[in-house]
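Pasting a predicted model and its sequence here:
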Amino acid sequence: MVGNRMSTAVKRILDVLRDSGGLQGKDLANIVSVSPATVSRWSSGKASPDIRTQTVIAELRYVVDRLSEFYSADEIRLWLHAAHPMLNGQRAIDLINAGRPEEVLAVIEALDSGAYT
């Protein structure tokens, strides 16, 4: 039963990433370095990601939730994939995958304070 609840939780997060963040299965696959078929299995509840990947997905969801205060889903998808001057030319998705979401969140906090647009 625990596995079923876990796959349901992952499915809900993936739904949020798709609906609020504009991220498609192939985007998520690229972000966490798995195949699109693997993401499809997670989405359907047939499989569950390992704990490290679950952490990356959860961090990505938090970033998407924060960005949704400023941008539409399509804009969020572009924002996550674009190189940013405030991230030293790096992409937010790469930093999140590398376990460095705090750097991305610092940029979002600057957006929130109006310091950067």
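In hand now; what should we look at? Keep in mind that what you see is a predicted model, and the values were worked out from it rather than measured.

Helices of the protein, start to end?
With DSSP state H, the ranges of helices along the chain come out as 2-19, 25-32, 36-43, 51-67, 73-81, 92-97, 101-112.

Next up, the contacts around the residue positioned nearest the centre of the chain.
Nearest to the mean C-alpha position of the chain, counting by CA atoms, centre = their mean, stands residue 60 at 2.8 Å. Shown in contact with residue 60 (CB atoms under 8 Å, 6 or more residues apart in numbering): 17, 21, 23, 31, 93, 96, 101. Every residue, glycine included, has its C-beta placed from N, CA and C.

mind checking how far it is from residue 76?
Counting by CB to CB, to the nearest Å, the gap from residue 60 to residue 76 is 11 Å.

mind checking how far the helix or strand of the chain with the lowest mean pLDDT is from the chain centre?
Counting by mean pLDDT, DSSP states H and E, the chain has its least confident helix or strand at helix 2-19, which shows a mean of 82. Relative to the centre of its chain, helix 2-19 is centred 13 Å away, using CA atoms, centre = their mean, to the nearest Å.

Now do it: which elements does it pack against?
Contacts defined by 3 or more CB pairs under 8 Å, 6 or more residues apart in numbering; DSSP states H and E place helix 2-19 against helix 36-43, helix 51-67.

ok, and what's touching it?
23-24, 28, 39, 42-49, 54, 57-58, 60-61, 64-65, 73.

what stretches of the chain score poorly on pLDDT?
Along the chain, the model assigns pLDDT under 70 to residues 1-6, 115-117.

burial count for residue 38?
When counting by other CB atoms under 10 Å, one arrives at 18 neighbours for residue 38.

so who does it touch?
29, 47, 49.

if you set the cut-off to 7 Å instead, what comes out?
29, 47 (CB atoms under 7 Å, 6 or more residues apart in numbering).

Next: the one 4 residues further on.
With contact set as CB under 7 Å, 6+ apart, residue 42 has these partners: 10-11, 14, 48-49.

that older thread, drop anything exposed from the contacts of helix 2-19.
Buried members of those, counted by 16 or more other CB atoms under 10 Å: 23, 28, 39, 42-43, 48-49, 54, 57, 60-61, 64, 73.
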